[in-house]
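Enquirer: Show me the folded form of this:
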Amino acid sequence: MNLRKSISFLSFILLPITLNYFAPVLIVQASFEKTFTFMHIIFLLMILSAIFFGGSWCSYICPFGALQELVPNTKPKHKLPNLKWLTGGVFLH
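Expert: Residues are numbered from 1 along each chain as shown. Predicted coordinates for the structure are as follows:
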C-alpha cells in the first residue's frame, strides 16, 4: 500500500513534466503530420496495461489517481440538488 501511494504521488509531483505525454490531442496532431512520437508508446502501454492488468495504471502510475487520493472521502453534510437536472435546465434555458 505504501509503495503504491509513493509511486502514485511521485507521478503526481512529476505531472508538470509529463503532462504532454498524457495529452491525446498531441497524438492526433502528430498523426495528422504522419509522425510517430513517444506519446503513442505511452498510450499503447496504457491500453495494454488496462487490458491485461485491469486498473493497475490508474492505481499505481496515473498522476490523476493520486489527485483523487488527495480529495477527502467524506459525505456532504447537506444534500445537494440533483446536478443533472440543474445543468440540463441551464443549458435548455
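
Enquirer: Considering helices and strands only, name the one in this structure with the lowest mean pLDDT.
Expert: Lowest on mean pLDDT, DSSP states H and E among the helices and strands of the chain sits helix 83-92, with a mean of 71.

Enquirer: so which strand or helix has the residue positioned nearest the centre of the chain?
Expert: Residue closest to the mean C-alpha point of the chain, counted by Cα atoms, centre = their mean, is residue 64 at 4.4 Å. Using DSSP states H and E, residue 64 sits within helix 63-70.

Enquirer: same check, this time on residue 8
Expert: Short version, using DSSP H and E: residue 8 is in helix 2-13.

Enquirer: Could I get the buried residue list for that helix?
Expert: Buried residues in helix 2-13, counted by 16 or more other Cβ atoms under 10 Å: 8, 9, 11, 12. In short, each C-beta sits where N, CA and C put it, glycine included.

Enquirer: With pLDDT and distance to residue 28 as extra columns, can I get those residues in a markdown table?
Expert: Formatted as a markdown table, the buried residues of helix 2-13 follow (pLDDT from 0 to 100; distance: Cβ to Cβ, whole Å):
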| residue | pLDDT | distance to residue 28 |
| --- | --- | --- |
| 8 | 80 | 27 |
| 9 | 83 | 30 |
| 11 | 82 | 23 |
| 12 | 83 | 25 |
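
Enquirer: re earlier: for the residue nearest to the centre of the chain, give me its contacts.
Expert: residue 58 (Cβ atoms under 8 Å, 6 or more residues apart in numbering).

Enquirer: That one and residue 71, how far apart?
Expert: Counting by Cβ to Cβ, to the nearest Å, the gap between residue 64 and residue 71 amounts to 11 Å.
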